[in-house]
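Engineer: sequence? don't have it. structure:
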């Protein structure tokens, strides 16, 4: 029995490889989990990789490659010979292999596919036709399908024969002679059924399924909502094309959450893991929003310059500029992230608009009063005029209310317009509140101080 | 065969219930998925609930209740009679039922547990002992365990007998007479094995498992990394206590991502879904950080007041205050969210500190030069002095570099100190950069303009 993780010293293992002691290195590598082995492989050169592969066998290498992000896997694969790369792809699940082939250059991909068994290469070529973010792009064609006229005993024999190739045998799909989905039967049901019963009598006829063009997130949510281990993917005529298994769902959810977090932080989402993305890619994903935000923020300098006479008169007004717009931005950021996430997990919909807005206005009223009090106290500690203190405190209240209403409504309005609510990032709401918040502040100050 | 969702008109269904036409309503309700039924149940009153339950049966109601967030489920459950509530909890998986019982008031929980079958109530009482965020708090005690001396055929008979109660029969655990975990065998392996083989000969002896006290996120990652459908949970002596199944993993991942997003947005995470949390709860989760951030932001007013003579002299310097600190905050927010997420999914660790910092400094150098150019252009459109323009542009460059290095390092340093990196929220980095950014700006301006 083994504890969670072996923590094999990969440095020692690499030294063994460097010393030509491949057998000893391979023995250590055998104890690694696929994830750990993958971590090791990406650090090795072509010679070491070839040596290790010959000792460990293609299957273990393939399991490890499947754990990597597709772009990393592609970079690793080209360090093997094309024949080895083809062997590794053959051993992988076709859906995982397709993701990797997609990341290879087109020429390189063709060369490697040409080295593969034609049946395996054909499967990958078919899967390449579906965009990677769709149900079709996530599915594997390796499922078990049987006809409704079989007995349970006959079905079990068929499953035993197909099991080594299928990604899951826990669900067996029932199809007619046109390959149209008719029902589903779980291995659990089969084990519990009488051997002589007909599949047609034990199968469930209500099969939850998705069309191949559906978004991968929709497929993932469907699988989760119905507590399934796999979800069949069909074409427009209801023919069974493949299945999406539960292990893909976690990947989809992680990907989507990462995208949302990066967007909420004010970047365009990276298509690769942070450490494998090139610096130029990261730069490109960030600079777009930074420039948009800069352009939006130039309104702040316009507002300040309009009120520069007042500022020249009462320089102390400027003390509160960052404090007030900062508070507005913080409130906006809190609300935007909460609402966008609640929408992403399906808790909040457009029909909740007025309810959300009502709640947020009440909360912001209390928050605004607290922040106004805090601002008064701060003005007191700086020994400022009462007029300035009151102006800043009133501005705090109204800026919080304003930031709150905008932040509560915009994500839902964006979704309603067919846009991604996560575009409404923390930096965007902060920038928006900066300019309008200054306007609120100076207008209040002008009125209170009679400027 | 049914398409994704039935979209039964729940309004019509509620009208039928109100008219006393329970049979017709129940017929419509039969077509609902558990999630849809749950959506309906939370809107019904005690009388309607009791009627619907008598027609639909407890099992369907229990499936629907299991789809709700535990706090919502608890609020729904108390609208049933205690006897009905007890029946519903009995039908639920013990781990899900425990989550709900935890949300009931203690007195109410005891009353309902007293109405339950004592074996079921005992299971829940035992699970209540484990904190909800741990592996123990997530596990179900309903697994199938067999002894290694059985034949495959005998094991299959045993599984058939236990299947109706077990949460999963796809993995069967092998234990010795002290209930210590010895191995695991999948239903797939059993189906493929010869009936006369011994379990000891077909089982895998390397069993990935977690201690009951382990964090639920660690358990979820382990399950995913090894592509398992279930993960055994053991006590300190290696005795099998329960299993965590893959359907729990998605919940854990969603919960953790939501928590991270709310933290990154600058709130303490809510313990309930946004719409079911009370306004006071939301207020409490937000005001703490707002006040901390306000306190941190008072540094900005100090910095500005220190330089108020310079500002009085050159009011135009104030035009750039929000623009510069805003840009610093945006860069910081982009980096913090990306790095915190990369750490959460395990891509970035403390050992990557220098690599991350090096990359971010290079990227920020380019970003800083672009933003400096943008600042120069903006100063040009406002017809400002060259000195002011140069001061602001230089400040843009240095503020971006400063914000970038802080944002790249702090999350990793926090993790190293045993703190949660997501504490380093977008608002926190923004506030931090506000004060220090102003200092950078005014010091540069003083030097360039000879103030």
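Structural biologist: In hand now; what should we look at? These numbers come from a predicted model, not from an experiment.

Engineer: after the longest helix belonging to chain A comes which helix or strand?
Structural biologist: For chain A, the helix with the greatest residue count under DSSP state H is helix A:386-416. Using DSSP states H and E, the helix or strand that follows helix A:386-416 towards the C-terminus is helix A:426-449.

Engineer: Check which helices and strands that following helix sits against.
Structural biologist: Judged by 3 or more Cβ pairs under 8 Å, 6 or more residues apart in numbering or on different chains; DSSP states H and E, helix A:426-449 is in contact with helix A:279-306, helix A:308-313, helix A:321-344, helix A:386-416, helix B:321-344, helix B:426-449. (Glycine included, C-beta is placed from N, CA and C.)

Engineer: And residue A:186, how close does it get to chain B?
Structural biologist: 9 Å (Cβ to the nearest Cβ, to the nearest Å).

Engineer: got a list of what the closest residue to that residue other than its chain neighbours touches?
Structural biologist: Leaving aside its chain neighbours, residue A:186 sits nearest to residue A:171 (5.6 Å; criterion: Cβ to Cβ, 6 or more residues apart in numbering or on different chains). Contacts for residue A:171 were tallied using Cβ atoms under 8 Å, 6 or more residues apart in numbering or on different chains; they are A:143, A:184, A:185, A:186, A:187, A:228, A:229, A:230, A:243.

Engineer: As JSON lines, those with pLDDT would be great.
Structural biologist: Formatted as JSON lines, the contacts of residue A:171 follow (pLDDT from 0 to 100):
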{"residue": "A:143", "pLDDT": "88"}
{"residue": "A:184", "pLDDT": "94"}
{"residue": "A:185", "pLDDT": "93"}
{"residue": "A:186", "pLDDT": "90"}
{"residue": "A:187", "pLDDT": "88"}
{"residue": "A:228", "pLDDT": "86"}
{"residue": "A:229", "pLDDT": "88"}
{"residue": "A:230", "pLDDT": "91"}
{"residue": "A:243", "pLDDT": "93"}
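
Engineer: By neighbour count, which of these wins?
Structural biologist: Highest neighbour count within the contacts of residue A:171: residue A:243, with 28 neighbours (other Cβ atoms under 10 Å in any protein chain shown).

Engineer: Excluding chain neighbours, what is closest to whichever residue of the stretch 151-300 of chain A sits closest to chain B?
Structural biologist: Proximity of the stretch 151-300 of chain A to chain B (Cβ to the nearest Cβ) peaks at residue A:265, 2.7 Å away. The spatially closest residue to residue A:265, leaving aside those adjacent along the chain, is residue B:337, at 2.7 Å (Cβ to Cβ, 6+ apart).

Engineer: Please apply the same query to residue A:389.
Structural biologist: residue A:379 (3.4 Å).

Engineer: wait, what's in contact with that neighbour?
Structural biologist: Neighbours of residue A:379 in contact, by Cβ under 8 Å, 6+ apart: A:320, A:388, A:389, A:392, A:393.

Engineer: taking the contacts of residue A:171 one by one, which sit in strands?
Structural biologist: A:184, A:185, A:186, A:230, A:243 (DSSP state E).

Engineer: how many neighbours does residue A:47 have?
Structural biologist: 11.

Engineer: Tell me which helix or strand it sits in.
Structural biologist: Going by DSSP H and E, residue A:47 is part of helix A:46-56.

Engineer: Please name every helix or strand in contact with that helix.
Structural biologist: helix A:10-18, helix A:22-30.

Engineer: can you list contacts of that helix?
Structural biologist: Contacts for helix A:46-56 (Cβ under 8 Å, 6+ apart): A:14, A:17-18, A:22-23, A:25-26, A:29-30, A:41, A:44, A:61, A:76, A:79-81, A:84.

Engineer: Could you do stretch A:229-246 as well?
Structural biologist: Against stretch A:229-246 from outside (Cβ under 8 Å, 6+ apart): A:95, A:127, A:135-136, A:138-143, A:145, A:167-168, A:170-171, A:173, A:175, A:178-181, A:184, A:207-212, A:219-220, A:222-223, A:228, B:1, B:170, B:229, B:246-247.

Engineer: Tell me the buried residues within those.
Structural biologist: By neighbour count, with 16 or more other Cβ atoms under 10 Å in any protein chain shown, those hold A:95, A:127, A:135-136, A:138-143, A:145, A:167-168, A:170-171, A:173, A:175, A:181, A:184, A:207-212, A:219-220, A:222-223, A:228, B:170, B:229, B:246-247 as buried.

Engineer: Now intersect those with the strands, please.
Structural biologist: Short answer: the buried ones among the contacts of stretch A:229-246 in strands (DSSP E) are A:145, A:171, A:173, A:175, A:181, A:184, A:210, A:211.

Engineer: okay, now the domains of chain A?
Structural biologist: For chain A, the structural domains run A:10-129, A:145-245, A:279-449, going by automatic domain parsing.
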